[in-house]
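S.K.: here is my input; please provide its structure:
(one chain, ligands or ions: 1)
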Amino acid sequence: MKLFPNTVRGVVSAIDDIFNNNRYADKVIEKTFKANLKWGARDRAFVAESIYEMVRWWRLINEISPSKDLYQLFGTYWLLQGNKLPEWREFKGLHADEINNKFRKIQERAILQSIPDWMDEMGESLLREKWDKELNTLNQTAAVVLRVNSLKVTREQLMNKFAENGIETYAPKGYKDALVLAKRQNIFRTQEFKDGLFEVQDASSQLVATALDVEPGMRVIDACAGAGGKSLHIATLMEDKGRVLSMDIEDWKLKNTKLRARRNGISIIETRTIEGNKTIKRLKESADRLLLDVPCSGLGVLKRNPDTKWKLSPESIAKVQVIQQEILQNYSSMVKKGGLMVYATCSILPTENQDQVEKFLASEAGQSFELLEDQKVLAQESGFDGFYIAKLKRKEG
Ligand SMILES: C[S@@+](CC[C@H](N)C(=O)[O-])C[C@H]1O[C@@H](n2cnc3c(N)ncnc32)[C@H](O)[C@@H]1O
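M.R.: Sure, this is the predicted structure:
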């Protein structure tokens, strides 16, 4: 593949922004595209993929590159992918055989898999024999998965519409409404997206709303709704009948939920910003179903967000665990007696998952709950993101 100076410059300055200004990769990519409106689909694909892959392999690339110059780091990445470099002054001193020799000599897993040492140690101690393969899987590129909006279209109809426009998809087994793109491409520009026929949502994430066992007419609370991915799915499963209350502490995220609901043809979603415990107390025993899709480390979705590797720390994980338990303790009061509560994370760490549920069940607030079942979804087993989903019932008495 031929390299072009303007797109390589785009990649290099984005990497600078991500690592030196501590920005999120997806936001930087968005900004880079806006600043380069003349780029075609292939240019954009090259830039986005190179940025994500350089972020994913950042530690490994830095270990092998002869210098910390950003062009040299790009060149090292490019050679490691098995490509050839053009004779540009910026790539002087980079030779494929030397780079590959250095790569072959590396033995340490944390460097080879390009993660911080503390993360490798934590993963090994918590996931034991499953860690090695999980880490390997989490370093692969994520598939683009869609959730078909069954309020507007069937999976087969959407597949056919896409096929007519040359977009090939397949339906993964075991996920009723999921479609996977055969080739990564920007589908946000399609008419089907504008018409609200689908949302982009990983297949594992689609298991969360399903676990709530909702029915039309119910009152459901999604207490950490964010931009509403799961709320939309819940409302769809309820056939847009009943009520979904989408809450979050971040008002701006809920605004996004409203926009998406409109596009999806959903009318039953109401949003409410959480302003301390009084918001929660007012909703005591009001929900047939409660979703706690809590903030987490995001270690199950490293494929999608490789920059998480460099933004997390043991301290930030410990902090988020405190919030998770607080949410369980305080928010569980919103479920009616006999109702269901789902606790979910996009993490693979037991400390954020089953340990939190156990701790809750052993506490006073947890006495009125029982665990019905939980799913520990590992990326290596599912082929999609890593997730945890626990289904709890509030006892009748
Ligand atoms: C995993 S994300 C939710 C993703 C969302 N459910 C979706 O499907 O798109 C967790 C959310 O919890 C919110 N959050 C953090 N602390 C919270 C708290 N104490 N109460 C409620 N929401 C909180 C964050 O703002 C974030 O939007």
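S.K.: for the closest residue to residue 177 other than its chain neighbours, give the beta-bridge partners.
M.R.: Distances taken as Cβ to Cβ, 6 or more residues apart in numbering place residue 148 nearest to residue 177, at 4.6 Å, with adjacent residues excluded. For glycine as for every other residue, the C-beta is placed from the backbone atoms N, C-alpha and C. For residue 148, the beta-bridge partners under DSSP bridges are residue 198.
S.K.: burial count for residue 148?
M.R.: 25 (other Cβ atoms under 10 Å).
S.K.: ok, now the one 4 residues further on?
M.R.: Look at residue 152: counted by other Cβ under 10 Å, it has 16 neighbours.
S.K.: list the contacts of it.
M.R.: 195, 196, 197, 264, 265 (Cβ atoms under 8 Å, 6 or more residues apart in numbering).
S.K.: from residue 227, how far out is it?
M.R.: Counting by Cβ to Cβ, to the nearest Å, the gap from residue 152 to residue 227 is 20 Å.
S.K.: same thing with residue 121?
M.R.: With Cβ to Cβ as the criterion, residue 121 and residue 227 are 33 Å apart.
S.K.: please apply the same query to residue 315.
M.R.: Residue 315 is 26 Å from residue 227, by Cβ to Cβ.
S.K.: ok, those two, which is more surrounded?
M.R.: Set residue 315 next to residue 227 and count neighbours by other Cβ under 10 Å: residue 227 wins out with 19 against 8.
S.K.: how about the more buried one, nearest residue that isn't a chain neighbour?
M.R.: residue 256 is the one closest to residue 227 (Cβ to Cβ, 6+ apart), at 4.1 Å.
S.K.: that neighbour against residue 225, yeah?
M.R.: No: at 9.8 Å, residue 256 and residue 225 do not qualify as touching, with contact defined as Cβ atoms under 8 Å.
S.K.: quick one, which of the two is more surrounded?
M.R.: residue 225 (28 against 16).
S.K.: name the SS class of the more buried one, please.
M.R.: The three-state label given to residue 225 by DSSP: H, G, I helix; E, B strand; the rest coil is coil.
S.K.: for the residue nearest to it when sequence neighbours are not counted, grab phi and psi.
M.R.: With sequence-adjacent residues excluded and distances taken as Cβ to Cβ, 6+ apart, residue 225 is closest to residue 246, at 3.6 Å. Torsion angles at residue 246 (phi, psi; degrees, to the nearest 10) stand at phi -100, psi 120.
S.K.: for burial, what's the neighbour tally of residue 246?
M.R.: Neighbours of residue 246 using other Cβ under 10 Å come to 28.
S.K.: contacts only, for it.
M.R.: 222, 225, 228, 231, 254, 257, 269, 270, 271, 272.
S.K.: packing partners for the helix or strand where residue 259 lies?
M.R.: Under the criterion of DSSP states H and E, residue 259 resides in helix 251-264. Helix 251-264 sits against helix 229-237, strand 243-248, strand 269-273, with contacts defined as 3 or more Cβ pairs under 8 Å, 6 or more residues apart in numbering; DSSP states H and E.
S.K.: what's the burial count for whichever residue of the stretch 51-200 of the chain sits closest to the ligand?
M.R.: The ligand sits closest to residue 199 of the stretch 51-200 of the chain, with a gap of 9.6 Å, by Cβ to the nearest ligand atom. When neighbours are counted by other Cβ under 10 Å, residue 199 registers 21.
S.K.: which residues touch it?
M.R.: Residue 199 touches 146, 147, 149, 229, 232, 233, 260, 264, counting by Cβ under 8 Å, 6+ apart.
S.K.: tell me the spacing between it and residue 73.
M.R.: Taking Cβ to Cβ, one finds residue 199 at 35 Å from residue 73.
S.K.: also residue 37?
M.R.: 27 Å.
S.K.: hang on, residue 392 packs against residue 368?
M.R.: No: using Cβ under 8 Å, residue 392 makes no contact with residue 368, being 9.9 Å away.
S.K.: up against the ligand, what does the stretch 251-397 of the chain have?
M.R.: Residues of the stretch 251-397 of the chain found near the ligand (Cβ under 6 Å from any ligand atom) are 253, 274, 293, 295, 323, 327.
S.K.: the second one: how many residues sit nearby?
M.R.: For residue 274, the number of neighbouring residues by other Cβ under 10 Å comes to 18.
S.K.: can you tell me the SS state at the residue lying closest to residue 303 once chain neighbours are set aside?
M.R.: Closest residue to residue 303 apart from its sequence neighbours, by Cβ to Cβ, 6+ apart: residue 142 at 3.9 Å. Secondary structure assignment for residue 142 (three-state DSSP): coil.
S.K.: quick one: contacts for residue 142?
M.R.: 202, 301, 303, 304, 385.
S.K.: need the max-distance pair from the residues you listed.
M.R.: 202 and 303 (9.0 Å; Cβ to Cβ).
S.K.: who touches both of the two?
M.R.: Joint contacts of residue 202 and residue 303 (Cβ under 8 Å, 6+ apart) are 142, 385.
S.K.: which one's more surrounded, those two?
M.R.: residue 202 (27 against 20).
S.K.: next up, phi/psi of that one, please.
M.R.: phi -60, psi 150.
S.K.: residues near residue 120, how many?
M.R.: 18.
S.K.: secondary structure element for it?
M.R.: Residue-wise, residue 120 maps onto helix 117-127 under DSSP H and E.
S.K.: pull out the buried residues from stretch 9-21.
M.R.: Neighbour counts using 16 or more other Cβ atoms under 10 Å place 9, 10, 11, 12, 14, 15, 17, 18, 19 of stretch 9-21 among the buried residues.
S.K.: which one of the residues you listed is nearest residue 308?
M.R.: residue 18 (12.1 Å).
S.K.: so residue 388 sits in a strand?
M.R.: Yes: assigned with three-state DSSP, residue 388 falls within a strand.
S.K.: tally of neighbours for the closest residue to it other than its chain neighbours?
M.R.: Nearest non-adjacent residue to residue 388, counting by Cβ to Cβ, 6+ apart: residue 353, 3.7 Å away. Look at residue 353: counted by other Cβ under 10 Å, it has 27 neighbours.
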